[in-house]
Each structure stands twice: as C-alpha cells, then as structure tokens.
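# Based on what follows, work out the 3D shape:
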Amino acid sequence: MNSRKLLIAALLLAGFGAFFALDLGRYFSLAFIKDSQASFAALFEQRPGLVLLVFFAGYVAITALSLPGAAIMTLAAGAIFGLVWGTVVVSFASTLGATLAMLAARYLLQGAVQARFGPRLAEVNKGIEKEGAYYLFTLRLIPVVPFFALNLLMGLTPIKTWTYFWVSQVGMFAGTVVYVNAGTQLAKIDSLQSILSPGLIGSFVMLGLLPLITKKALGFFKRRKVYARWNAVRPARFDRNLVVIGAGAGGLVSAYIAAVVKAKVTLVEAHKMGGDCLNYGCVPSKALIRSAKLAHQMKHGSHYGLADSSPAFSFKAVMQRVQAVIRTVAPHDSVARYTALGVEVLQGHARIVNPWTVEIALNDGGTQLLTTRSIVIAAGAQPFVPPLPGLEETGYVTSDTLWDEFARLDEVPRRLVVLGGGPIGCELAQSFARLGAQVTQVEMAPRIMIREDEEVSALACKALEADGVSVLTDHKALRCDRTGDVKTLVVAHQGSEKRIEFDQLICAVGRVARLTGYGLEALGIPAQRTVETNEYLQTIYPNIYAAGDVAGPYQFTHVAAHQAWYAAVNALFGDVKKFKVDYSVIPWTTFIDPEVARVGLNEQEAKEKGVACEVTKYGMDELDRAIADSEAQGFVKVLTVPGKDRILGVTIVGSHAGELLAEYVLAMRHGLGLNKILSTIHTYPTLAEANKYAAGEWKRAHQPRRLLEWARKYHDWKRA
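Residues are numbered from 1 along each chain as shown. Model (predicted):
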C-alpha cells in the first residue's frame with residue numbers, strides 16, 4: 001500500500017476512532033433528537049442555510065465513514081426541516097456519503113482484492129458490468145444487505161461511479177421519504193422499532209418486489225420489441241415443440257432429450273448424421289491413431305523384448321479400416337435409431353424463415369414448412385482455410401476432406417506438410433509419420449500446443465520429433481508455388497524464406513463456426529465468430545437457442561452434448577424454469593502419444609490470471625504399471641489452493657491420460673479434494689494409481705511436522 005493510501009486509511013480510522021472515543025454516539029439517539037427538536041427548529045428558523053449545510057455535511061460524514069446514526073439523522077431531518085426539505089437533504093447527502101464510502105473502499109482495497117481473488121470474482125464482475133444497476137437498485141429498495149456493507153462491497157466491483165450514484169439516489173428515495181415522513185411525527189415515536197409497523201414492513205416488501213416486477217416488465221417489452229416485425233406471421237398453433245438444425249453431437253442430444261420428455265421434435269440434417277465428430281473428427285482420427293500406434297510398436301518391438309520389425313501394410317487397407325470404424329459407430333447416430341426414439345428426422349437443408357417457422361429443402365426433392373415453439377441451432381463448425389496465395393492451385397486437404405481423399409491413395413503420402421501446431425495438427429502429423437510419411441509440421445507460434453504449459457509443449461514436440469516429424473515453430477506460411485508436378489510451401493523464419501516441397505498438404509489451423517446459409521442474417525441474429533447467446537444459450541429471440549461449436553466457447557464434442565441439455569431443457573421448459581449453462585469444469589484431451597489431458601487451470605493460465613496456486617507433480621517414470629508397459633513417460637501435475645487440497649486444475653501427460661483425467665473431473669465437479677483421492681483404494685497395478693500417488697505427493701508436502709515430532713517423542717518414550 002502506497003503512502004497516499006496509508007494516509008487516507010489513517011484519516012478514516014482516526015475519524016472512526018474519534019466517534020467512539022468522544023462518545024459522539026450520544027448525539028445520535030432518539031431521546032437526544034426528541035429533547036433537542038425545539039432548539040434545532042428554532043435555530044433553523046433563524047439561520048436556515050447554515051443549519052441545512054451543517055446537517056448535510058454531518059450526514060455525508062456519517063455515511064461516508066459507515067458510522068451508526070444515519071437512521072436517527074433521517075428522522076431528525078423530518079422533524080426539523082419537514083417532509084420536502086428533509087427528503088431533499090437526506091436524499092442527496094445519503095447518496096453522496098454512500099458514493100464516497102464506495103470510492104474509499106475501491107481506492108484502498110479493490111486492487112488487492114481483485115489481484116488476490118480475480119478469477120473467482122470473474123463471474124461477479126461480469127454480472128456487475130452487465131446488470132450491476134439492477135442488482136444495486138434491488139438492494140437499495142429493500143436493504144437485505146446493510147447499506148454500509150453494500151457501499152464497501154460495491155467498491156470492490158467494477159461498477160461505474162456515476163451508475164452507483166444515480167441508482168443509489170433513485171433506489172433509496174422511496175425509503176428516505178418513508179423515514180423522513182416518520183420523522184415529522186417524531187413526538188409519537190418511542191423507538192426505531194416502532195417505525196416498523198406491519199403496514200410499513202408491507203410497504204418495504206412491495207418495494208422489494210418492484211425490481212422483480214420491473215425486470216419482468218422490461219423483459220416483456222424487450223421480447224415485444226424484438227418480435228415486433230414478426231407479429232403478423234406468428235402462428236396461432238405450432239406443428240412442433242422443437243426443431244433442431246444439425247445432427248452432430250449438440251443436435252442429437254437436443255433431439256434425444258426432447259423425445260424423452262415426449263415433446264414433438266424434428267431433427268434436420270443436410271449431410272451426414274453424426275456430424276463432424278463421427279464422420280471427420282473424433283472417430284476417424286482415433287481409428288487412424290490406433291493403427292499408427294500399432295505400427296510404431298512393431299517398429300520398436302525391442303522395447304517389449306521382441307524383435308524390431310518393419311510393419312508391412314497397405315495404406316489403402318488402413319484407410320478402409322477407418323471407414324469401417326465409422327460405419328460400425330454410425331448406427332448409434334442413425335436416422336433409424338432416432339426415429340425409433342420418437343424423433344422425426346428430415347434430411348435436407350433447413351432455413352429459419354421467422355422465429356417460429358423453419359423451411360426445409362429436402363434432399364430427395366420438395367420443401368417442407370414447419371412451425372415450432374422453439375428452435376435449437378446446432379450447425380457445428382468447419383475447418384478454417386487460410387487465405388494463402390497459391391493454395392488452391394497446389395491443392396490441399398483438411399481434417400474433413402482427407403479421409404475420402406487419402407482413401408483413394410495406394411500409399412501414404414511420401415512428403416506431407418501439416419499446417420498448424422494445435423491438437424488436430426499434432427495428432428495427424430504424428431500418425432502419418434508413424435505410417436511412413438515424411439512429415440513437416442509448420443506452426444507460426446513459438447511452440448506447438450500453445451495453450452498448454454511450456455514443459456507440455458516441449459514434451460509433445462520431443463515425442464513428435466522422435467517419430468520423425470520435422471517440427472518448424474516460429475515459421476509463417478507465406479505462399480504455395482507449383483512448377484510442373486513439384487509443389488512447394490514457402491515459409492518465413494527469422495527474416496529469411498525457406499521452401500518445403502510436398503506431395504500433400506493438410507490445413508489444420510483451426511475450425512470456424514458455420515454461421516451462414518440457414519437464416520441468421522434475415523432474422524438479424526448477431527453472429528461474429530459464433531452465434532451470440534446469453535447464459536441460457538438464447539439468441540436475441542428467446543425461443544431460438546444455439547449449442548455446440550456454432551455457439552462456442554469450446555469446440556469439443558462433449559461440450560456440445562453438455563450445452564445441448566441446457567438448450568433443450570430451456571427451450572421446452574424455460575417458461576417454468578431456466579438453467580444457466582455451467583462451464584466450470586471442462587476437460588479435454590489431445591490424443592498424441594503420450595496423450596495430453598487437462599481440466600481447469602494449468603500453470604500458464606494461473607500466472608496469466610494472477611491465481612495463487614501450489615503445484616504438485618508425480619512422474620509416470622515411478623509408476624509400476626507404466627514401467628511394466630514400457631510407457632513410463634509423462635507426469636500428473638495438480639494445481640491446488642495454497643495450503644489446501646482443493647483442486648484448481650490438472651494436467652496429465654502419459655498413456656491413457658484422457659481416461660486418467662476422469663477421476664479429477666469428478667473430484668472438481670463435486671468439490672472433492674486430494675485427500676479424498678488419496679483415501680480411495682486404487683487397483684494395483686494400474687495407471688490410475690498415478691492419481692493416488694500425486695495426491696500422496698501433496699500430502700507428503702503438507703505433513704503435520706510438529707505432530708509427527710510429538711509422535712517420535714512418544715515412540716521414544718514407549719521404547720524406554
């Protein structure tokens with residue numbers, strides 16, 4: 001704390017101390033005010049301006065210092081100045097004093113509190129920025145929180161000073177009038193409690209209900225405004241309770257939930273059921289990864305006491321296996337299955353005509369028009385293709401198109417360039433390198449997997465390079481050239497250009513939400529990088545929701561399914577009860593070898609957000625099962641609250657890290673700490689023991705040393 005802050009804090013403490021040391025509280029009693037009422041009234045008659053000014057200053061000082069006596073002074077204002085002038089003086093003095101108290105708390109404490117608890121207060125800050133005026137107005141009308149405490153607490157938030165001032169002025173006005181008016185009848189008042197008659201309490205309750213009624217009314221008029229241009233086409237009846245656009249993870253789960261609760265639901269898919277995950281992402285990539293891992297293990301048979309051997313395989317057969325895996329999983333997401341569940345599935349292109357009508361251009365010809373109470377947009381995402389000069393001429397594939405394109409090849413591409421150092425790029429680069437391709441991975445950032453800790457990125461890079469991938473970080477792709485059959489990628493690095501020849505190029509630089517082609521533009525639904533939604537996944541039209549990659553902020557299949565529950569339930573039952581989507585515990589895994597799995601904060605994010613944490617690390621090279629499997633690489637890293645076992649985040653690098661992470665996801669979701677994990681029996685020998693041993697490392701670092709020293713003395717005494 002700097003010298004100026006120390007001075008202000010000292011002055012505030014001095015004023016507070018003087019109030020009690022000099023027993024100034026005796027002047028703020030009902031008895032004193034009643035005894036002195038005549039004297040004050042006479043003085044006001046003689047010098048009204050001076051009395052008003054002194055009273056105003058005193059009231060400001062009392063409220064600014066959060067001293068007891070404001071209620072008595074409000075009564076005194078009514079008794080001395082009458083209803084009109086008393087209300088004016090108290091209204092402005094109380095607001096000014098409250099604002100000064102808020103600013104003092106902000107100046108002295110806000111920086112330290114936000115630095116210490118910033119991440120935990122992020123949602124509070126966001127709520128205050130969005131609806132701070134409403135919250136403050138509610139509390140000012142009916143003081144659930146004492147005003148002095150409210151002044152101090154609001155000073156720790158980012159609420160604007162002017163907003164605080166005028167909302168306090170308006171919010172406290174009704175209560176001020178009630179108390180000042182009571183003061184005009186001071187002779188009839190025996191105690192502060194006598195003011196709080198049943199009628200007055202009822203009045204305050206009604207005041208408290210006012211913001212709720214106001215919010216409902218504002219919501220009504222807001223909906224009326226957004227729907228205004230569509231009122232003429234609003235159906236009197238609806239064909240469906242819910243229409244879902246897109247049959248990926250978000251759409252399938254939304255439709256499933258609607259069918260389970262017996263709603264009439266239609267699911268519309270323009271292309272393949274199962275969406276990106278089944279057809280282009282999770283399923284095919286994991287099938288490829290498994291084949292590539294087996295090839296890798298055969299090449300390194302000596303690690304298992306066997307002979308190293310070069311695997312003989314047909315690349316076409318490998319890609320056919322990938323397609324076979326897709327076909328095997330496909331019935332889980334099929335038209336037949338969802339139809340049997342009670343979902344009407346239409347294959348065609350959907351377009352939202354108005355907030356209650358969806359037009360479907362069916363794949364087999366014809367058009368169908370459906371009216372519906374609610375709509376869930378689950379249109380997913382697609383690979384982003386950078387505007388790289390020459391890229392179209394040389395040709396490329398994405399994580400979506402490579403499965404069909406490479407299935408036509410007889411051999412693995414000899415020279416393969418992978419653009420992108422994120423999870424998708426890393427998985428594909430390692431897999432194709434293990435199958436014999438000469439892979440060059442290009443990433444413009446200083447390291448691959450930039451969202452992970454530096455040691456995780458380094459370990460991932462080492463693993464890829466061990467499999468033959470040439471990892472070029474800090475290399476920016478400039479253009480593609482083609483001379484005859486020779487295709488070249490030109491990259492820039494440290495001021496110079498480098499040319500990389502390739503036979504195939506994979507664009508894996510990220511994915512973007514599908515935002516066009518189904519009616520958002522005509523309805524005016526905001527969509528920049530994703531469809532904009534509120535915490536209930538509603539768009540600007542309360543009956544139109546979005547879920548999955550198209551809504552963000554995470555592009556994971558399991559998050560899409562998670563959001564789908566909220567979107568479907570809110571769409572069907574939102575008039576009764578709505579649920580805010582919960583992103584508090586989101587896990588993810590990058591399926592390179594060794595796998596990288598994470599939930600919550602890592603060290604990098606903790607530093608960026610200023611979150612104090614304690615790091616506990618357990619190396620997989622000490623785990624019996626990992627040693628037996630010849631996969632003793634990686635670690636479990638747990639971030640906890642300093643001195644406590646509450647988990648803030650976990651990063652696991654190692655074999656089956658994605659499966660190991662589930663225990664920590666469960667623990668974080670239900671508030672279980674490391675002590676609970678440590679006390680849980682884990683089967684020996686399993687990889688899951690790593691979680692218990694990591695908890696044991698934390699426990700060892702927090703031994704009750706003083707108690708153990710007494711235990712040692714006790715045992716010494718027993719031996720004697």
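
# what about the helices in the stretch 351-500 of the chain?
391-394, 402-407, 423-434, 454-466 (DSSP state H, counting those that start in this stretch).

# what's near enough to touch the most centrally placed residue in the chain?
Nearest residue to the geometric centre of the chain (CA atoms, centre = their mean): residue 583, 4.5 Å. Going by CB atoms under 8 Å, 6 or more residues apart in numbering, residue 583 touches 553-554, 559. C-beta: built from backbone N, CA, C; applies to glycine.

# Which one of these sits in the busiest neighbourhood?
residue 559 (23 neighbours; other CB atoms under 10 Å).

# surely that residue meets residue 585?
No. In this structure, residue 559 is not within contact of residue 585 by CB atoms under 8 Å, at 11.0 Å.

# What score does the spatially closest residue to residue 640 that is not a sequence neighbour have for pLDDT?
Distance criterion CB to CB, 6 or more residues apart in numbering; nearest residue to residue 640, sequence neighbours excluded, is residue 614 at 5.0 Å. pLDDT for residue 614: 96.

# Residue 614: neighbour count?
16.

# Am I right that it is in contact with residue 645?
No. Counting by CB under 8 Å, residue 614 stays clear of residue 645, with 9.6 Å between them.

# Mutual contacts of the two, please.
Counting by CB under 8 Å, 6+ apart, the residues touching both residue 614 and residue 645 are residue 698.

# ok so, going back, return the residues in contact with the residue nearest to residue 640.
639-643, 698.

# Which members of those are positioned in helices?
Using DSSP state H, the members of the contacts of residue 614 that fall in helices are residue 698.

# Surely residue 420 touches residue 477?
No. When contacts are counted by CB under 8 Å, residue 420 is not listed as touching residue 477 (9.7 Å).

# Now do the shared contacts for these two.
residue 442.

# Walking through the stretch 501-650 of the chain, point out its strands one by one.
With strands called from DSSP state E, counting those that start in this stretch, the stretch 501-650 of the chain shows them at 504-507, 511-513, 544-546, 587-590, 595-600, 614-619, 635-640, 647-654.

# any chance of those strands in JSON lines, plus distance to residue 390?
Below are those laid out as JSON lines (distance: least, CB to CB, whole Å):
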{"stretch": "strand 504-507", "distance to residue 390": "11"}
{"stretch": "strand 511-513", "distance to residue 390": "22"}
{"stretch": "strand 544-546", "distance to residue 390": "36"}
{"stretch": "strand 587-590", "distance to residue 390": "30"}
{"stretch": "strand 595-600", "distance to residue 390": "33"}
{"stretch": "strand 614-619", "distance to residue 390": "46"}
{"stretch": "strand 635-640", "distance to residue 390": "42"}
{"stretch": "strand 647-654", "distance to residue 390": "37"}
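
# Go through the ones you listed and pick out the most buried.
strand 544-546 (a mean of 29; mean count of other CB atoms under 10 Å).

# any idea which helix or strand carries residue 242?
strand 240-245 (DSSP states H and E).

# Which helix or strand lies directly C-terminal to that strand?
helix 249-260.

# Beyond that next one, next helix or strand please.
Past helix 249-260, the next helix or strand by DSSP H and E is strand 265-269.

# In its sheet, which strands sit next to that following strand, and in what direction?
Its sheet considered, strand 265-269 pairs with strand 240-245 (parallel), strand 344-354 (parallel) by DSSP bridges.

# returning to that earlier point: now for the helices of the stretch 351-500 of the chain, which one comes closest to residue 710?
Closest to residue 710 of those is helix 454-466 (CB to CB; 39.2 Å).

# any idea of the mean pLDDT in the closest one?
For helix 454-466, the per-residue pLDDT averages 97.

# same deal with stretch 472-489?
The pLDDT scores in stretch 472-489 average 94.

# ditto for stretch 549-565
94.

# which parts of that stretch are buried?
By 16 or more other CB atoms under 10 Å, the buried positions in stretch 549-565 come out as 549-552, 555-557, 559-565.

# Any idea how many residues pack against residue 181?
Residue 181: 15 neighbours (other CB under 10 Å).

# Okay, and it sits in which element?
Going by DSSP H and E, residue 181 is part of helix 161-183.

# re the thing from before, which of the buried residues of stretch 549-565 sit farthest apart?
Among the buried residues of stretch 549-565, 555 and 565 lie farthest apart (CB to CB), at 17.7 Å.

# Could you pull up phi and psi at residue 127?
Main-chain dihedrals, residue 127, degrees, to the nearest 10: phi -70, psi -40.

# Might you report the residue contacts of it?
Contacts of residue 127 by CB under 8 Å, 6+ apart are residue 135.

# how much space is there between it and residue 561?
27 Å (CB to CB, to the nearest Å).

# With residue 252 instead?
Taking CB to CB, one finds residue 252 at 8 Å from residue 561.

# Would you quantify the distance from residue 223 to residue 375?
Computed with CB to CB, the distance linking residue 223 and residue 375 is 15 Å.

# actually residue 335, not the one I wrote
20 Å.

# quick one, which of those two is more surrounded?
residue 375 (26 against 16).

# Nearest residue to the more buried one in space, please, no chain neighbours.
Residue 375's closest residue in space is residue 544 (CB to CB, 6+ apart), at 4.7 Å.

# So which residues of the stretch 301-450 of the chain form strands?
Using DSSP E, counting those that start in this stretch, strands in the stretch 301-450 of the chain cover 344-354, 357-362, 367-377, 381-383, 397-398, 415-419, 438-443.

# What lies in contact with the fifth one?
Read that as strand 397-398. 383, 385, 405-406, 504-508.

# Identify, from the residues you listed, the entry nearest to residue 235.
Using CB to CB, those come closest to residue 235 at residue 383, 38.0 Å.

# mind checking how far stretch 677-697 is from the chain centre?
Remark: stretch 677-697 is offset 29 Å from the chain centroid, using CA atoms, centre = their mean, to the nearest Å.

# ok, now stretch 573-590?
The answer for stretch 573-590 is 9 Å, by CA atoms, centre = their mean.

# and if you look at stretch 560-572?
Relative to its chain's centre, stretch 560-572 lies at 16 Å (CA atoms, centre = their mean).

# repeat for stretch 43-59
That offset, for stretch 43-59, works out to 53 Å (CA atoms, centre = their mean).

# can you list contacts of it?
Everything outside stretch 43-59 that qualifies as a contact, by CB under 8 Å, 6+ apart, is 40, 70, 73, 76-77, 80-81, 85, 89-90, 92-94, 97.

# what's the first-to-last distance across stretch 469-486?
21 Å (CA to CA, to the nearest Å).

# Check stretch 353-360 too.
10 Å.

# same thing with stretch 583-598?
Termini of stretch 583-598 sit 14 Å apart (CA to CA).

# Kindly reformat the helices of the stretch 351-500 of the chain as JSON lines containing mean neighbour count.
JSON lines is the format used below for the helices of the stretch 351-500 of the chain (neighbours: other CB atoms under 10 Å):
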{"stretch": "helix 391-394", "mean neighbour count": "14"}
{"stretch": "helix 402-407", "mean neighbour count": "18"}
{"stretch": "helix 423-434", "mean neighbour count": "26"}
{"stretch": "helix 454-466", "mean neighbour count": "18"}
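
# Adding distance to residue 691 as columns, could you present these in TSV?
Shown next, in TSV, are these (distance: least, CB to CB, whole Å):
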stretch	distance to residue 691
helix 391-394	45
helix 402-407	35
helix 423-434	23
helix 454-466	18
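
# right, and these - which one's nearest residue 353?
helix 402-407 (33.2 Å).

# All set now, cheers.
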